[in-house]
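> below are the sequence and a predicted model; questions follow.
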Amino acid sequence: MSVPHYRKIELQSPADFTYLYANTVALSRQKLDLHLPPSANTSDGPDPMRERVKELVDQYINQTFTTASASISINGLDSSSSQFPFPAAFTQPTETIEYEPYDTELAARVTSLYAQLESLTTTVAQLRRDAPARAAKAYAEQLRKAIAEDEENMDEDEDVDGEAGNEDENEDADGEGEEDVPMPDADARNTTTQNGSHRLRRRLSKSKSARWNLQIPLVSDHEAERWRSGEMAEVYDDALRTLLRLQGEAVPGEQVESGPDGTALSSTLGKAERAARAAEVVEKM
């Protein structure tokens, strides 16, 4: 004959099991106080008989719940499961709530800190609104000052350049008896020379140094005389004409030779190369 199967006692959570155990222990304490009341004199030690009865009652309750745990199911878990709260359900201390007395100083400090937090939050929000505009305004003012200073410096440089130009004109007017050396290629470099002199004068005006006179040393009096008479200009003119002829360009005042080759340097080199090739062909024959 098979053993009949009985349904287990179902509990929803381990707190229910702890609640039953705590109520059983509390009732046992009430019965113990009724039959063996504690001594009214606190100076006396614990009653040995009372302590022994309490130990035996607790042992009996613990054994009873241990035996009954096999017939109890907590949310689908039985006593054989590793997650069953035993014996932790019996030894777990009960949760107690303790209240401290109201501290007025601590409450005032908390209120002050909250007020300081709100003030700082308001300050940060205001800075986020105003700081970018103030920074942009300060940057714009500094930029205007820098531009104004640059314009003033440019005006001063222009004034110094004008005074230097007037002095140069006066010196040129006063320098009677001095003759300029004729240079054929001087006109082609007038623009570059003027720009360079303008930059040089600006640098000299900024450094506030004395004016410099460019003097080219000549080897001998004969060479200086050649520069004054224009003989050196003729030498440069002849060299320039020779270069133009070698490049195959037209020389002013001369007739251009007819023919596809002309007198260019490339044409001369081409003729020499063709002659060398013709000589090689003749030798091979």
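Noted; the coordinates are in hand.

> tell me the buried residues in the helix or strand where D58 lies?
D58 is part of helix 48-68, with elements assigned from DSSP states H and E. If you call a residue buried by 16 or more other CB atoms under 10 Å, then helix 48-68 has these buried ones: 50, 53-54, 57, 61-62, 65. All C-beta atoms are positioned from the backbone trio N, CA, C, and that covers glycine.

> quick one: low-confidence parts of this protein?
Flagging of the chain using pLDDT under 70 yields the residue ranges 1-5, 79-96, 161-219, 227, 230, 232, 244-271, 281-285.

> please enumerate the helices of it.
Taking DSSP state H, the helices of the chain run over residues 14-35, 48-68, 88-91, 104-174, 190-207, 221-229, 231-247, 265-284.

> do you know which of those lies nearest N41?
Nearest to N41, of all those, is helix 48-68, at 14.0 Å by CB to CB.

> how is this protein divided into domains?
The chain breaks down by the TED database into domains covering 9-91, 115-151, 219-251+262-284.

> what would these look like in TSV with distance to T104?
Output for the domains of the chain, formatted as TSV (distance: least, CB to CB, whole Å):
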stretch	distance to T104
domain 9-91	35
domain 115-151	16
domain 219-251+262-284	107
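
> out of those domains, flag the one nearest I97.
domain 9-91 (15.8 Å).

> got the helices of the chain as TSV, with distance to E98 columns?
Formatted as TSV, the helices of the chain follow (distance: least, CB to CB, whole Å):
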stretch	distance to E98
helix 14-35	19
helix 48-68	26
helix 88-91	21
helix 104-174	16
helix 190-207	84
helix 221-229	115
helix 231-247	111
helix 265-284	112
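
> closest one to Y6 among the ones you listed?
Proximity to Y6 (CB to CB) singles out helix 48-68 among the helices of the chain, at 12.6 Å.

> packing partners for the closest one?
helix 14-35 (3 or more CB pairs under 8 Å, 6 or more residues apart in numbering; DSSP states H and E).

> check contacts around S13.
The contact partners of S13, by CB atoms under 8 Å, 6 or more residues apart in numbering, come to 74-75.

> distance check, it against D78.
From S13 across to D78, the span is 15 Å (CB to CB, to the nearest Å).

> check A115 too.
58 Å.

> have a look at those two and say which one is more surrounded.
More crowded of A115 and D78, by other CB atoms under 10 Å: D78, with 13 against 10.

> go ahead and confirm that one touches I9.
No. Applying CB atoms under 8 Å as the test, D78 and I9 come out as separate, 10.8 Å apart.

> pull up the overlap in contacts between the two.
I72.

> near I72, how many other residues are there?
19.

> show me what it bridges to in the sheet.
Beta bridges link I72 to I9, judged by DSSP bridges.

> for it, which residues are in contact?
So I72 contacts 8-9, 11, 17, 78-79 (CB under 8 Å, 6+ apart).

> ditto for V57
Shown in contact with V57 (CB under 8 Å, 6+ apart): 28, 32.

> can you tell me how far it is from A135?
81 Å.

> repeat for Q126
14 Å.

> ditto for S220
S220 is 71 Å from A135, by CB to CB.

> ok, L32 next?
Distance from L32 to A135, by CB to CB: 80 Å.

> any chance of the contacts of I72 in TSV, plus distance to D157?
Below are the contacts of I72 laid out as TSV (distance: CB to CB, whole Å):
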residue	distance to D157
K8	107
I9	107
L11	100
F17	99
D78	102
S79	103
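
> pull out the buried members of these.
Looks like these have 11, 17 buried, using 16+ other CB under 10 Å.

> for T111, state which of the contacts of I72 is nearest.
Out of the contacts of I72, the member with the shortest distance to T111 (by CB to CB) is F17, at 45.1 Å.

> isn't that closest one up against I9?
No. Using CB under 8 Å, F17 is not in contact with I9, being 9.8 Å away.

> hang on, the earlier thing: more neighbours: which of L32 and A135?
Between L32 and A135, counting by other CB under 10 Å, L32 is the more crowded of the two (15 against 10).

> the nearest residue to that one once chain neighbours are set aside and D33, how far apart?
Nearest residue to L32, sequence neighbours excluded (CB to CB, 6 or more residues apart in numbering): K54, at 6.0 Å. To D33, K54 is 10 Å away according to CB to CB.

> same deal with Y102?
Distance from Y102 to D33, by CB to CB: 34 Å.
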